[in-house]
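Chemist: Everything below, folded, please.
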Amino acid sequence: MKRSTHSRILIILMDNFPDENSAQVTRAACLHNEISRHFPDTYLMMKEGDNPSVREGQILIRPWIPVQGRFQLLKGIIFRVQMTASIIRFVHQKRITSAIIREFDTAPLFPFLKLQKVKIFYDFHGRHDLELNPD
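Modeler: Numbering: from 1, shown residues only. Have a look, this model is predicted:
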């Protein structure tokens with residue numbers, strides 16, 4: 001099957017939700033808004049928070065089991081597996097052509113994205129050794 005040349009972009013936040021007032025979420029939302037102006041098939045996928053309100057192009061993933069409480073680390077790992085599976089399914093179904101990765105825990109996606117010939121863009125924040133070095 002021939003792949004379409006129409007750009008379909010997915011911005012991925014693995015462990016953040018829209019209600020958070022964090023640099024990760026606000027930067028991803030700004031990226032989504034700006035890129036959507038030029039490429040209408042742009043999506044932002046992240047964890048569903050306590051007050052789910054979906055904006056156009058947002059895909060919110062509800063954890064199978066609540067992550068808070070006892071065994072939070074184990075539940076967080078299970079959610080990352082769930083999120084990875086959701087991303088893989090979405091990329092395949094929507095025939096995503098580019099992915100913007102916002103966090104380090106997206107590493108399990110790389111082999112799949114490469115096999116699907118998805119262009120991967122890294123948008124990390126917080127590399128103090130690079131940001132603070134004037135050279």
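Chemist: what is the mean pLDDT for the longest helix along the chain?
Modeler: Using DSSP state H to assign secondary structure, the helix with the most residues in the chain is helix 72-94. Confidence over helix 72-94 (mean pLDDT, whole number) is 89.
Chemist: For that helix, give me every contacting residue.
Modeler: Residues external to helix 72-94 that are found in contact with it (Cβ atoms under 8 Å, 6 or more residues apart in numbering): 8, 10, 12, 14-15, 41, 43, 45, 47, 59, 61, 63-69, 96, 99, 105-106, 108-109, 112-113, 116, 118. Placement of C-beta: from N, CA and C, glycine included.
Chemist: Which ones among the residues you listed lie within strands?
Modeler: Judged by DSSP state E, the contacts of helix 72-94 include 10, 12, 43, 45, 47, 59, 61, 99 as members of strands.
Chemist: you'd agree the third one is up against Gly57?
Modeler: Yes. Counting by Cβ atoms under 8 Å, Tyr43 does reach Gly57; the two are 5.2 Å apart.
Chemist: what do those two both touch?
Modeler: Shared contacts of Tyr43 and Gly57, defined by Cβ under 8 Å, 6+ apart, are found at His32.
Chemist: okay, the two: which has more neighbours?
Modeler: Each of Tyr43 and Gly57 had its neighbours counted (other Cβ atoms under 10 Å), and the higher figure belongs to Tyr43 (21 against 18).
Chemist: which residues of this protein score low on pLDDT?
Modeler: Within the chain, the ranges that satisfy pLDDT under 70 run 1-5, 52-54, 124-135.
Chemist: Tell me how many other residues crowd Ile87.
Modeler: Using other Cβ under 10 Å: Ile87 sits among 23 other residues.
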